[in-house]
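Peer 1: Here is a sequence together with a model predicted from it:
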Amino acid sequence: MKLLIVEDEAKTANFLKRGLSEAGFQVNVAEDGLEGRRQIEVGSYDLIVLDILLPGMDGWKILASAREAGVQTPILLLTARDSVADRVRGLELGADDYLVKPFAFSELLARVRTILRRPPVREASKIRVADLEIDITGHKATRAGQWLDLTAREFTLLSLLVRRAGEVLTRTLIAEEVWGMSSEGDSNVVDVNLRRLRTKLDDPFPRKLLRTVRGVGYILEDPDRQ
Amino acid sequence: MGGASLALLLTVWYTTASLAVVSAATGLLYLALEDNLRRISEQSLRDELGVCRALVSEQRGDLHALHEEVEVDSAVRRYQKFYIRVLDAHGTVLSTTPGMDRDLSSSLVSEEASNNQGIFKIDSPAGASYRAVVATVPRDAHGSEVWTLQVAVDLTQEQVVLERQRVWVWTLLGAALLVCPGMGFAIAHRSTRPLREVAETARQIESNTLNERIHAEGYPVEIRVLAVAFNGMLERLEESFARLSRFSADIAHELRTPVNNIRGEAEVALARTRTPEELLEVVGSCLEESVRLSELIESLLFLARSESPGDHLHRTQVDLRRLINDVCEYYEATASEIGVKILVNPGDEKLMASVDRVLLLRAVGNLTSNSLAHCSKGGTVHLSAQRRGEQIWLEVRDTGLGISAEALPHVFDRFYRADPARSRNSGGVGLGLAIVQQIAAMHGGQVKIESNPGRGTTVSIILQG
């Protein structure tokens, strides 16, 4: 999968390139608006990450001219300006998604995967991660054959982690998906719940599946397949 | 006359009004004078007629006195000149005041008399004006012989007086025309002076002189009202300006600490060779500080955005009982971790309201989180949603430390922390309650807080149901 990042701020471009490359994408960077437009029209990319404030030609114009020229490549807009009007404008001009700085890199990665329809979401009713087996329709979770005694919320939380195993989930995302709450400023609540889940899921077993990614969130994965 | 100057308008109106008054007054006086003069000449005419009538009827045969009256007495008068003509039944002139034939021939007078009744006015061909009357007088008691008396009075003097009066009237009007606009302008200028002074003061007020006020003492009451309103506005401006600059200072201060941490940690880490573990620790810590910064920025933007008009709420029908249950469930684990009970008031029936669910969740969540932070082990946090009349009360009650009476009015201020020692480490940046208040205000509601130090605090979001 080939990605183009149009971003003039060197540090941002740098960490985006490194992060996305490590996530398995082939990444090119365009450092100003005109170069960005040239590459969009010439190169064959699967997705474009487009900053709005650019020298030469701003993101709005690039977006508009790309769509006018019939370029159908999905475009994800990055911006430091967060207003409803901007959001609407971006989507009207034909952007596929919109992300406001500062954002968590894991959030960007998740959105990129969603747009590329490559979400590691498993729709199956029974999912296995290492020796953890979870039956979503039957509301049952076992580890190494042992039944895990979980509350309803803990089960919802675990099934979210399992369905998106291998992906870092931010506290915000967890709070939204499990409780329908936005957790800004109060991420402690998610930590408490994950700590409790961990005592049931990982504490009795030598192999730990749930890992805290410091400053970002949580990931559930098979430690041996890392 | 949309954009015309007020002073000009006032001048025009004053001038018009005063000129109208002066013209009306002088005009009326002139008409009154004219009327009075007419009455006087008519009365004199009747008088004279009476005299002649008496002479004709009483002095039978003896016409000496009549001739004396007609031809001598009348002729010598200079100011109110009378002209009298006596005719017998056949129309023969018996006696005439000398000079009467020059302007008033017998036929002219009798012709005018047949066209008019009583006293009438004659304009002679020569241009002079007369008032005249014609009467018949019986010579004796039987009325066998009837004489005719033609009596006229010369109006030249009356016309001279009126002419002189007209000169006065025009002089007066001319003077008024000169004086009134000047006076009008002076009055207008004077009465708009306070306005100009108010404007001058307003012009001189800059962001750093917002403490200046307009001194309205001695101004007319209308201007005082304006000045008072203006001062009120200045006061509010000054207050919000002060709050705003305090707020910016607070923001800078709040940003300083996490930025300083990131900078310091990175600097120390790079000062010498570190193990990968040490570096990971530093990177992790920097990430935590960045997240804190992001959250601070998000909260600030939320407050800034919600204050600007045009940002709409996404209202839907929401069951508020269900909403507080959700909040309760969310915080349950945290509460039991610190040994605090979290309860929701019983009641199954729905409490529907049109609100922005996400924002209200955030508001009630903030309050609950605050309450939990202030409760010690064994405490209780109680959530409830109730309809009280037209209002809906969402209440979060705790048995925590409470807030002192001095701190209570400030808890909704941005970045205010009741206990300065309760530093950033205990979570939050001091914007939680400000956000709650903002969310309530966006819904057209308000927030009420009551606290008993040592016993607990109750915060209520009051919405119009």
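Peer 2: Noted; the coordinates are in hand. Numbering: from 1, shown residues only, chains lettered A, B, ... in the order given.

Peer 1: quick one, phi psi at residue A:70?
Peer 2: Backbone geometry at residue A:70, expressed as degrees, to the nearest 10, gives phi 80, psi 20.

Peer 1: Okay, strands next: where are they in the chain?
Peer 2: You didn't say which chain, so I picked chain A. For chain A, strands defined by DSSP state E occupy the ranges A:2-6, A:26-30, A:47-51, A:75-79, A:97-100, A:126-129, A:132-135, A:140-143, A:146-147, A:169-170, A:210-213, A:217-220.

Peer 1: Please refer instead to chain B.
Peer 2: So, for chain B - with DSSP E - the strands run B:82-87, B:93-96, B:120-123, B:129-138, B:146-154, B:316-319, B:341-344, B:352-355, B:380-388, B:391-398, B:446-452, B:456-464.

Peer 1: Including mean neighbour count, could those strands go into JSON lines?
Peer 2: Every C-beta, even on glycine, is put in place using the N, C-alpha and C of the backbone. Output for the strands of chain B, formatted as JSON lines (neighbours: other Cβ atoms under 10 Å in any protein chain shown):
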{"stretch": "strand B:82-87", "mean neighbour count": "24"}
{"stretch": "strand B:93-96", "mean neighbour count": "16"}
{"stretch": "strand B:120-123", "mean neighbour count": "15"}
{"stretch": "strand B:129-138", "mean neighbour count": "19"}
{"stretch": "strand B:146-154", "mean neighbour count": "23"}
{"stretch": "strand B:316-319", "mean neighbour count": "14"}
{"stretch": "strand B:341-344", "mean neighbour count": "17"}
{"stretch": "strand B:352-355", "mean neighbour count": "18"}
{"stretch": "strand B:380-388", "mean neighbour count": "18"}
{"stretch": "strand B:391-398", "mean neighbour count": "22"}
{"stretch": "strand B:446-452", "mean neighbour count": "16"}
{"stretch": "strand B:456-464", "mean neighbour count": "21"}
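
Peer 1: any idea how chain A splits into domains?
Peer 2: Following automatic domain parsing, chain A resolves into domains at A:2-115, A:126-225.

Peer 1: end-to-end on the shortest one?
Peer 2: It refers to domain A:126-225. 20 Å (Cα to Cα, to the nearest Å).

Peer 1: Quick one: mean pLDDT over it.
Peer 2: Averaged across domain A:126-225, pLDDT comes to 86.

Peer 1: Kindly report the same for stretch B:287-302.
Peer 2: The pLDDT scores in stretch B:287-302 average 84.

Peer 1: what does stretch A:105-121 give?
Peer 2: Mean per-residue pLDDT for stretch A:105-121: 78.

Peer 1: mind checking which of the domains of chain A is nearest chain B?
Peer 2: Of all these, it is domain A:126-225 that lies closest to chain B, at 3.0 Å by Cβ to the nearest Cβ.

Peer 1: Okay, helices next: where are they in chain B?
Peer 2: Assigned by DSSP state H, chain B shows helices spanning B:6-58, B:64-67, B:74-76, B:100-103, B:106-115, B:156-191, B:193-204, B:221-271, B:276-307, B:320-337, B:357-374, B:432-442.

Peer 1: just these: most buried one?
Peer 2: Scoring those by mean neighbour count under mean count of other Cβ atoms under 10 Å in any protein chain shown gives helix B:357-374 as the most buried, with a mean of 24.

Peer 1: Can you give me the pLDDT of residue B:143?
Peer 2: Predicted confidence (pLDDT) for residue B:143: 69.

Peer 1: The stretch 201-350 of chain B against chain A: which residues are in contact?
Peer 2: Proximity of the stretch 201-350 of chain B to chain A, by Cβ under 8 Å from any Cβ of the partner chain, involves residues B:284, B:287-288, B:290-291, B:293-295, B:297-299, B:301, B:305, B:311-312, B:326-327, B:329-331, B:333-334, B:337.

Peer 1: repeat that with 10 Å
Peer 2: Within the stretch 201-350 of chain B, the residues that sit near chain A (Cβ under 10 Å from any Cβ of the partner chain) are B:280-281, B:283-299, B:301-302, B:305, B:308, B:310-312, B:323, B:326-327, B:329-338.

Peer 1: mind exporting stretch B:361-374 as CSV, just the C-alpha atoms?
Peer 2: The C-alpha coordinates for stretch B:361-374 follow below in CSV (Å, rounded to 0.1, in the frame of the first residue of the first chain):
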residue,chain,number,x,y,z
LEU,B,361,-22.7,13.2,29.7
ARG,B,362,-19.5,15.2,29.8
ALA,B,363,-21.1,17.7,32.3
VAL,B,364,-22.5,15.0,34.6
GLY,B,365,-19.3,13.0,34.2
ASN,B,366,-17.2,16.1,35.2
LEU,B,367,-19.3,16.6,38.3
THR,B,368,-19.1,12.9,39.3
SER,B,369,-15.4,12.9,38.8
ASN,B,370,-15.0,16.0,41.0
SER,B,371,-17.1,14.5,43.7
LEU,B,372,-15.1,11.2,43.7
ALA,B,373,-11.9,13.2,43.9
HIS,B,374,-13.2,15.0,47.0
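
Peer 1: these two touch, right, residue B:186 and residue B:14?
Peer 2: Yes - contact criterion Cβ atoms under 10 Å: residue B:186 and residue B:14 qualify, at 9.3 Å.

Peer 1: surely residue A:111 meets residue A:98?
Peer 2: Yes - assessed by Cβ under 10 Å, residue A:111 is found in contact with residue A:98 at 9.2 Å.

Peer 1: How much space separates the residue positioned nearest the centre of chain A from residue A:170?
Peer 2: For chain A, residue A:110 is the residue whose C-alpha lies nearest the centre (Cα atoms, centre = their mean; 1.7 Å). In this view, residue A:110 and residue A:170 are 8 Å apart by Cβ to Cβ, to the nearest Å.

Peer 1: which residues are in contact with both of these two?
Peer 2: Common contacts of residue A:110 and residue A:170, defined by Cβ atoms under 10 Å, 6 or more residues apart in numbering or on different chains, comprise residue A:104.

Peer 1: For residue 70, give me its contacts.
Peer 2: All of this refers to chain A. Per Cβ under 10 Å, 6+ apart, neighbours of residue A:70: residue A:41.

Peer 1: that's the wrong chain, I wanted chain B
Peer 2: Residue B:70 touches B:52, B:55, B:63, B:82-86, B:94-98, B:100, B:149, B:151, counting by Cβ under 10 Å, 6+ apart.

Peer 1: quick one: pLDDT of it?
Peer 2: pLDDT at residue B:70 comes out at 79.

Peer 1: JSON lines please, covering the domains of chain A and showing distance to residue B:388.
Peer 2: Formatted as JSON lines, the domains of chain A follow (distance: least, Cβ to Cβ, whole Å):
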{"stretch": "domain A:2-115", "distance to residue B:388": "34"}
{"stretch": "domain A:126-225", "distance to residue B:388": "26"}
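
Peer 1: between the ones you listed, which gets nearest to residue B:144?
Peer 2: Nearest of those to residue B:144, taken as Cβ to Cβ: domain A:2-115 at 117.6 Å.

Peer 1: How far does the closest one sit from its chain's centre?
Peer 2: Averaging C-alpha positions (Cα atoms, centre = their mean, to the nearest Å) puts domain A:2-115 15 Å from its chain's average.

Peer 1: Can you tell me the closest non-neighbouring residue to the one residue in the stretch 251-400 of chain B that gets nearest to chain A?
Peer 2: Nearest residue of the stretch 251-400 of chain B to chain A: residue B:287, at 3.0 Å (Cβ to the nearest Cβ). Distance criterion Cβ to Cβ, 6 or more residues apart in numbering or on different chains; nearest residue to residue B:287, sequence neighbours excluded, is residue A:215 at 3.0 Å.

Peer 1: Thanks a lot, catch you later.
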